[in-house]
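Kindly return the folded structure for what I paste below:
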Amino acid sequence: MTQKELSDHLGVSASAVGMYEQERRTPDVDTLQVLCTMFNITADYLLFGKGTGTAQPISVNQFLESIQRQIEQQKGLLYEPLAGNQRRVFTSQEIDKLSDAIRIGVAMSLGITTDK
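Prediction:
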């Protein structure tokens, strides 16, 4: 692939691609994401040469479980805003319902079933 072909795909100039190659410039986060997806590599591998390089897909359930762990570690992350700058933090049951709704939405959009 030429610099011009890559730059067209990324929506940047060919000189920007050249600077990425020469490590004189670093792509922004959106451009990194496109590069990683295009070449099926991780950002760690692209930026630092760490890991195997191949991005490993995760299941919807694995993704949601990682989100739930983050929510549990950061109490109050999900909440309902109330009047007067008050808020009501979501309960564990509400977070579970939200995860289930996301699973169902993903399954419907992909035409697959989910395992829970």
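
so what's the backbone phi/psi at residue 82?
Main-chain dihedrals, residue 82, degrees, to the nearest 10: phi -120, psi 170.

wait, doesn't it sit right on residue 89?
No: counting by CB atoms under 8 Å, residue 82 stays clear of residue 89, with 10.8 Å between them. In short, each C-beta sits where N, CA and C put it, glycine included.

between the two, who's got more neighbours?
Each of residue 82 and residue 89 has its neighbours counted (other CB atoms under 10 Å); residue 89 has more, 12 against 9.

tell me the helices in the chain, going along the chain?
Secondary structure of the chain (DSSP state H): helices located at 3-10, 14-21, 29-39, 43-48, 60-73, 92-110.

which one of the ones you listed has the lowest average pLDDT?
Note on the helices of the chain: lowest mean pLDDT is at helix 60-73, with a mean of 75.

Name the nearest residue to the most centrally placed residue in the chain, sequence neighbours excluded.
Geometric centre of the chain, nearest residue: residue 33, 8.5 Å, by CA atoms, centre = their mean. Closest residue to residue 33 apart from its sequence neighbours, by CB to CB, 6 or more residues apart in numbering: residue 43 at 7.9 Å.
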